[in-house]
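In: Sequence plus the predicted model coming up.
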Amino acid sequence: MAQTRDGWLWLGSSTGLFRFDGVRFERYAPPGQALPSVGIGILNAFDDGTLWRGYRYGGASVLAHGRLRHYTDRDGLPAGATVWGLERDGGGRMWAATKQGMFYLDGQRWVAAGAAFGLPEGAYKTLMRDRAGALWAQGAAGVYRLPAGAQRFIKATPDSGTGVLFQVPDGSVWSWNAVASR
């Protein structure tokens, strides 16, 4: 679920994308286009008005200024890999957490992050940007943090497993398995 700055409340499910205007729900169908999949894995709305969505069977889309742009394996995302997380880092770069690793959007193409960013191979499920602008990624090999302005992720916990990351009022970041300090 996400809310865009125009007031729409968006709901993604295994049966499609819906929006709510405060009175009624409607299935979202972009004019003249079809969504690449009805199975939504993640929705994320940003301050610039964009709505990003990742699909359970691979690919991602962004709705910006009334236009829909789809990204698939032809654009660098792994074919058929669920996109579980979509988030921007402190510098504004878009990231995708997938069953086949972490990817970042470089212009119009997604690029595997891997060792160049200090990330091990494997599945990543949860992304979160904290209040200081650091990007947090939780995957099969543990929790990793990319401080704002940094070029490499730092391992934040020794624990492995995928789950949910969230920041609590004191500024610490929690996951299902451990507390990750800043």
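Out: That came through fine. Numbers count the residues shown, from 1 in each chain.
In: Residue 17 contacts residue 28, doesn't it?
Out: Yes: Residue 17 lies in contact with residue 28 (CB atoms under 8 Å); the separation is 4.5 Å. For every residue, glycine as well, the C-beta is placed using N, CA and C.
In: Need the overlap of contacts for these two.
Out: Jointly contacting residue 17 and residue 28 under the rule CB atoms under 8 Å, 6 or more residues apart in numbering are 10, 35.
In: Low-confidence stretches in this structure?
Out: Where the chain drops to pLDDT under 70, the residues are 158-163, 176-182.
In: Is the residue in it sticking out farthest from the centre in a helix, a strand, or coil?
Out: Of all residues in the chain, residue 23 has its C-alpha farthest from the mean position, at 28.2 Å, by CA atoms, centre = their mean. Here residue 23 is recorded as coil under DSSP: H, G, I helix; E, B strand; the rest coil.
In: again with residue 110
Out: Per three-state DSSP, residue 110 ends up strand.
In: on that earlier part again, so for residue 17 and residue 28, which residue has more residues nearby?
Out: Between residue 17 and residue 28, residue 17 has the larger neighbour count (other CB atoms under 10 Å), namely 21 against 18.
In: Help me confirm that the more buried one is found in a strand?
Out: Yes: per three-state DSSP, residue 17 lies within a strand segment.
In: Kindly state the beta-bridge partners for it.
Out: According to DSSP bridges, the partner residues bridging residue 17 are residue 12.
In: give me the element the nearest residue to residue 165 once chain neighbours are set aside is part of.
Out: Leaving aside its sequence neighbours, residue 165 sits nearest to residue 128 (CB to CB, 6 or more residues apart in numbering; 4.2 Å). Taking DSSP states H and E as the criterion, residue 128 maps to strand 124-129.
In: now for the following helix or strand past that strand, which elements pack on it?
Out: Per DSSP H and E, the first helix or strand lying C-terminal to strand 124-129 is strand 135-139. Counting contacts by 3 or more CB pairs under 8 Å, 6 or more residues apart in numbering; DSSP states H and E, strand 135-139 is packed against strand 83-88, strand 94-98, strand 124-129, strand 142-146.
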